[in-house]
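K.L.:
The amino acid sequence is not available; the structure is as follows:
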């Protein structure tokens, strides 16, 4: 059996600004939700921020965007297409952010303040690293 190929589509590189703006909005929403102690919103905004800023980088650098329904597929694209000495470190941070999606959205328990602090810290670190590609 051959390995599953990551799905992506070609996107005009100029459209990276759309994904960058989405990431910025999610980032600001995450910070605002944190000030209001809205832990679930912190989590969701962090996840969407990380995915959007990754889309922005991939579109800007390579003119591609992940189309897989599996959010983790974007990590393979990122490792393959983004040339950075710290790519593995930040791919791991992105994976940890994405892995919290199920917990925030679907589990039958509340997302805690501690978890919100954790995802916020990771999202801030990842966002700052990713934005350097989009300056």
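P.N.:
Yes, it's here. Bear in mind the structure is a predicted one, so any value in this text is a computation, not a measurement.
K.L.:
Just list the residues touching the spatially closest residue to residue 71 that is not a sequence neighbour, thanks.
P.N.:
Closest residue to residue 71 apart from its sequence neighbours, by C-beta to C-beta, 6 or more residues apart in numbering: residue 98 at 4.9 Å. Yep, even glycine has a C-beta here, placed from its N, CA and C like the rest. By C-beta atoms under 8 Å, 6 or more residues apart in numbering, the residues touching residue 98 are 47, 50, 51, 71, 72, 75.
K.L.:
Phi and psi next, for residue 98.
P.N.:
Main-chain dihedrals, residue 98, degrees, to the nearest 10: phi -60, psi -40.
K.L.:
Give me the pLDDT for it.
P.N.:
With respect to pLDDT, residue 98 scores 96.
K.L.:
go on, residue 70?
P.N.:
87.
K.L.:
which SS state does it fall under?
P.N.:
What DSSP: H, G, I helix; E, B strand; the rest coil gives for residue 70 is coil.
K.L.:
For it, give its distance to residue 22.
P.N.:
20 Å (C-beta to C-beta, to the nearest Å).
K.L.:
Kindly report the same for residue 53.
P.N.:
8 Å.
K.L.:
which of these two has more neighbours?
P.N.:
Under the neighbour definition other C-beta atoms under 10 Å, residue 53 and residue 22 were set side by side, and residue 53 has more, 27 against 17.
K.L.:
can you pull the contacts of that one?
P.N.:
Listed by C-beta under 8 Å, 6+ apart, the contact set of residue 53 reads 19, 20, 23, 27, 126, 127, 130, 131, 134.
K.L.:
Now do it against residue 93, distance only.
P.N.:
12 Å.
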